[in-house]
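A.B. asks: Fold the following, please.
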Amino acid sequence: MRNLAAYMLVVVAGLAASSSSSMAGDYVSYTGAGGDIDDNDLTAFFVDVPADFGVVTDLELDIRGLSHPFPDDLEIYLLHPTFATIKILQDQGDGVDLLGAFLTFRDAALNAPPDESNLVPNPMFDSRAGLITQVYRPQGLVDGSDGGFADFEGIPGGGRWGLLIVDDSMGDTGSFDGFTLRIVPEPMTMSLLALGALAALRRKRR
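C.D. replies: Sure thing, here's the model as predicted:
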């Protein structure tokens, strides 16, 4: 599926990204909008990180409100601005209807995404009501097809990131509410980002 990156060269430049940012501890969060997941097709969603962001030292991904009647159909990839990709999910979650799931992915998570069971303990419970989040390692790290989020560490994080969702079978569509990248920049960048946030806050107060 790494050919997805070559495909995205054709479409990324022409697609707008809806995004917002915030800071919490060492992480800087960038949030992109979700939407419908097309049946038997690739659907792409984007979030912009400032060009001067600096080097990535750690990274996590949240996917919010994921719904699909057959999650085993889904493949999800994270696309770096250089068009490198890592695998987040691939045919996990069995064939049990998923409703509004909140999923967090980090390299250090204890659990791998389940293959023959549900992605959430009660798949028919809308997680948006209780904000229940399941935490998993990205599937590429689990199966050895890539190095997980560590593949993006030590390289600049500025630019347009993409969440690529492939529905690989006909008959079902899905949707999700949005996704958030939580990135830890190198210390000098974090200091500059904090100063920028403080300056923006002062301008708003005037």
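A.B. asks: Just give me the residue closest to the centre of the chain.
C.D. replies: residue 61 (4.4 Å; C-alpha atoms, centre = their mean).
A.B. asks: in which helix or strand would I find that one?
C.D. replies: Counting by DSSP states H and E, the element that carries residue 61 is strand 56-68.
A.B. asks: which stretches of the protein form strands?
C.D. replies: For the chain, the strands defined by DSSP state E cover 19-24, 27-37, 42-49, 56-68, 74-79, 85-90, 98-105, 133-136, 159-167, 174-185.
A.B. asks: which stretch among those strands comes nearest residue 152?
C.D. replies: Residue 152 lies closest to strand 56-68 among the strands of the chain, at 5.2 Å (C-beta to C-beta). In this view, the C-beta of every residue, glycine as well, is placed from N, C-alpha and C.
A.B. asks: counting contacts, what elements does the closest one pack onto?
C.D. replies: Strand 56-68 is packed against strand 27-37, strand 74-79, strand 98-105, helix 127-130, strand 159-167, strand 174-185, with contacts defined by 3 or more C-beta pairs under 8 Å, 6 or more residues apart in numbering; DSSP states H and E.
A.B. asks: and the last one, what other elements does it pack with?
C.D. replies: When contacts are defined as 3+ C-beta pairs under 8 Å, 6+ apart, strand 174-185 sits against strand 27-37, strand 42-49, strand 56-68, strand 159-167.
A.B. asks: Any idea which of the ones you listed gets closest to residue 141?
C.D. replies: strand 56-68 (12.0 Å).
A.B. asks: who does the closest one pair up with?
C.D. replies: Take DSSP bridges as the rule and strand 56-68 pairs in its sheet with strand 98-105 (antiparallel), strand 174-185 (antiparallel).
A.B. asks: Report the contact partners of the closest residue to residue 117 other than its chain neighbours.
C.D. replies: Leaving aside its sequence neighbours, residue 117 sits nearest to residue 94 (C-beta to C-beta, 6 or more residues apart in numbering; 5.9 Å). Counting by C-beta atoms under 8 Å, 6 or more residues apart in numbering, residue 94 touches 71, 72, 114, 115, 116, 117, 118.
A.B. asks: Dihedrals phi and psi, residue 155?
C.D. replies: phi -130, psi 160 (degrees, to the nearest 10).
A.B. asks: For it, report the pLDDT, please.
C.D. replies: pLDDT for residue 155: 95.
A.B. asks: That one contacts residue 57, correct?
C.D. replies: No: using C-beta atoms under 8 Å as the test, residue 155 is too far from residue 57 to be in contact (10.4 Å).
A.B. asks: that older thread, looking at the strands paired with strand 56-68, which one has the lowest mean pLDDT?
C.D. replies: Least confidently modelled of those is strand 98-105, at a mean of 90 by mean pLDDT.
A.B. asks: Pull the distance from that strand to the chain's centre.
C.D. replies: 11 Å (C-alpha atoms, centre = their mean, to the nearest Å).
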